[in-house]
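S.K.: sequence and predicted structure are below.
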Amino acid sequence: MSDFIDSAALYPLKFTPIYHERIWGGTQMTDVLKREIPHGKDPIGESWELVDRDGEESVLANGVLAGKTLHELIAHYGSKLLGHKAASAGRFPLLVKLIDAGERLSLQVHPDENACREIGGGAEPKTEMWYIVAARRDARILAGLQGRATRQQLVANLNSPSVEDFLQVYPSQPGDAYFITSGTLHAIGGGNLILEIQQNSDTTYRVSDWGRVGSDGKPRELHIEKGIKSINFMNRTSPRIVGVSGSAGHNRKFDVVNSCPFFAVNDLRLESVWNDDTGSGASFHLLSAINRPVRVARCSAPELAAELQPGESCLIPACFGSYTVTPLADGECTVVKTTL
């Protein structure tokens, strides 16, 4: 007898975070999101909220299927869970993280498909989106090359603090987002707490670590040759998507990423119950609470529900149908919605 349930009885799926220590990690997962996180040699810098990779498997935390891995759920439910757009996917196509930067991350780049073919060695392309959940005073984002920066200038200054002069630098504002296409040189500045939606890839090439050394007293490995091959020197567009301001007293929906082949992202600003629907089952819906708790429930079976605290995400199966998102606290509630 199968220990899975019928797809008609699936519910909003919450997964146990997988925490990663990072030399640059911060404290905002605790200070802002009020999470209890493990303590180790280095601070926690990343929480992998949803992942389906060899050696890194999200485990379901709620409901009758608790204990199942995301990969097991996909293997059993297939397109009922992922949707028709990912019918051929053997793994979950995205990787969802919270990034808690106490100090700035390395200056890095992710390859596109062409660079991956040239570099080889299992390199995987990665395009990602950052949504700023919280930011300390003077926090910054470094993303993209300045219009007049040349390849020669960049390479000559990688080991110098003046490399910043060749980058686009932005003040961090909660609610802003950044669309970081593969090939974009970037660094998350210290003081940022970020929700990251990305392709299911873990390929990163560090081209500068700002002279930092690890807990062993040694510099971390750099990947300058592969990184330079991966940078798209032709792309000088701004990756910043300015967030909405003010409160309108009614529900609002804003496109954040809508022309990307890998994912689409909306910023929902809710004052009351939000009605949504997975429709024809083309894609799962991924909901991430940002600033206030919400309850997500199926319209036809309200008991099939889950509550999300700020920073938490849930996976809505593609076969779920119509559902509601109900704010559980006063004030405008922000929810980030991701689909394929």
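M.R.: Looks like it arrived, so ask away. Residues are numbered from 1 along each chain as shown.
S.K.: show me which residues of the helix or strand of the chain with the lowest mean pLDDT are buried.
M.R.: Lowest on mean pLDDT, DSSP states H and E among the helices and strands of the chain sits helix 151-156, with a mean of 93. Within helix 151-156, the residues that count as buried by 16 or more other Cβ atoms under 10 Å are Leu154. Where you see a C-beta, it was placed from the backbone N, CA and C, and this is true even at glycine.
S.K.: list the contacts of it.
M.R.: Residues from elsewhere that reach helix 151-156 (Cβ atoms under 8 Å, 6 or more residues apart in numbering): 145, 163, 166, 185, 228, 231, 233.
S.K.: repeat the analysis, applying 7 Å as the threshold.
M.R.: 163, 166, 228, 233 (Cβ atoms under 7 Å, 6 or more residues apart in numbering).
S.K.: please apply the same query to stretch 41-49.
M.R.: Outside stretch 41-49, the residues that reach it (Cβ under 7 Å, 6+ apart) are 15, 17-26, 29, 37-38, 56, 95-102, 215, 313.
S.K.: pull the distance from stretch 3-15 to the chain's centre.
M.R.: Centroid separation between stretch 3-15 and its chain, computed with Cα atoms, centre = their mean, to the nearest Å, is 23 Å.
S.K.: residues contacting the closest residue to Ala89 other than its chain neighbours?
M.R.: Residue nearest to Ala89 in three dimensions, not counting chain neighbours: Leu82, with 6.0 Å by Cβ to Cβ, 6 or more residues apart in numbering. Contact analysis of Leu82 by Cβ under 7 Å, 6+ apart lists 74, 89, 284, 318.
S.K.: same thing with Leu10?
M.R.: For Leu10, the contacting residues are 317, 319-320, by Cβ under 7 Å, 6+ apart.
S.K.: mind redoing it with 8 Å?
M.R.: Contacts for Leu10 were tallied using Cβ under 8 Å, 6+ apart; they are 77, 80-81, 304, 317, 319-320.
S.K.: also Arg220?
M.R.: Residues near Arg220 by Cβ under 8 Å, 6+ apart: 23, 106, 206, 209, 212-214.
S.K.: which of these sits closest to Leu308?
M.R.: Ile23 (29.9 Å; Cβ to Cβ).
S.K.: give me the neighbour count for that closest one.
M.R.: By other Cβ atoms under 10 Å, 18 other residues sit near Ile23.
S.K.: tell me the spacing between it and Pro43.
M.R.: Counting by Cβ to Cβ, to the nearest Å, the gap from Ile23 to Pro43 is 8 Å.
S.K.: again, but for Leu70
M.R.: Separation of Leu70 from Pro43 (Cβ to Cβ): 26 Å.
S.K.: same check on Leu33?
M.R.: From Leu33 across to Pro43, the span is 15 Å (Cβ to Cβ).
S.K.: then Leu98?
M.R.: 13 Å.
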